[in-house]
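K.L.:
Below: sequence and its predicted model.
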Amino acid sequence: MTSITLSFPDTTFSALRKTPEEFAQEMRVAAAVKWYELEQLSQGKAAEIAGLSRADFIQALSRYKVSPFQYTEADLVRELNNAN
């Protein structure tokens, strides 16, 4: 596994009421959710990056108000039309 080191002001953690470890985990989840939302990652890969099970990642999507479905309205209409 590769590690990345980031530096933040000490006040960052107290302002968010998180330990550095909690902050790092939340950053992983937030990044994975955003990349999933932008359709850059599959749900499974995003869950892996977030360090969560797929079920827990779906719950995280809900917390961030991101749909677990990567379908646009046009995709859905196209699939419905092709089903006939």
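P.N.:
That came in fine, so what should we check first? Quick caveat, the model's predicted, so the values are computed rather than measured. Numbering: from 1, shown residues only.
K.L.:
Centre of the chain to stretch 32-52, how far?
P.N.:
Distance, stretch centre to chain centre, for stretch 32-52: 5 Å (C-alpha atoms, centre = their mean, to the nearest Å).
K.L.:
Any buried residues in that stretch, and which?
P.N.:
Neighbour-count burial for stretch 32-52 flags 32, 33, 36, 37, 41, 43, 46, 47, 49, 50, 52 (criterion: 16 or more other C-beta atoms under 10 Å). C-beta: built from backbone N, CA, C; applies to glycine.
K.L.:
hang on, isn't the first one packed against residue 57?
P.N.:
By that I understand residue 32. Yes - at 7.2 Å, residue 32 counts as touching residue 57 under the criterion of C-beta atoms under 8 Å.
K.L.:
what do these two both touch?
P.N.:
Shared contacts of residue 32 and residue 57, defined by C-beta atoms under 8 Å, 6 or more residues apart in numbering, are found at 46, 47, 50.
K.L.:
CSV for these, including secondary structure?
P.N.:
Putting these into CSV (DSSP: H, G, I helix; E, B strand; the rest coil) gives the following:
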residue, secondary structure
46, helix
47, helix
50, helix
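K.L.:
quick one, what contacts the residue nearest the centre of the chain?
P.N.:
Per C-alpha atoms, centre = their mean, the C-alpha nearest to the average position across the chain is that of residue 33, at 1.5 Å. By C-beta under 8 Å, 6+ apart, the residues touching residue 33 are 46, 50, 60, 61, 64, 66.
K.L.:
excluding its backbone neighbours, what's nearest the last one?
P.N.:
Right, the one you point to is residue 66. Nearest residue to residue 66, sequence neighbours excluded (C-beta to C-beta, 6 or more residues apart in numbering): residue 37, at 4.8 Å.
K.L.:
got the contact list for residue 68?
P.N.:
By C-beta under 8 Å, 6+ apart, residue 68 lies in contact with 43, 58, 61, 62.
K.L.:
what about it, distance to residue 6?
P.N.:
Note on residue 68: its distance to residue 6, by C-beta to C-beta, to the nearest Å, is 28 Å.
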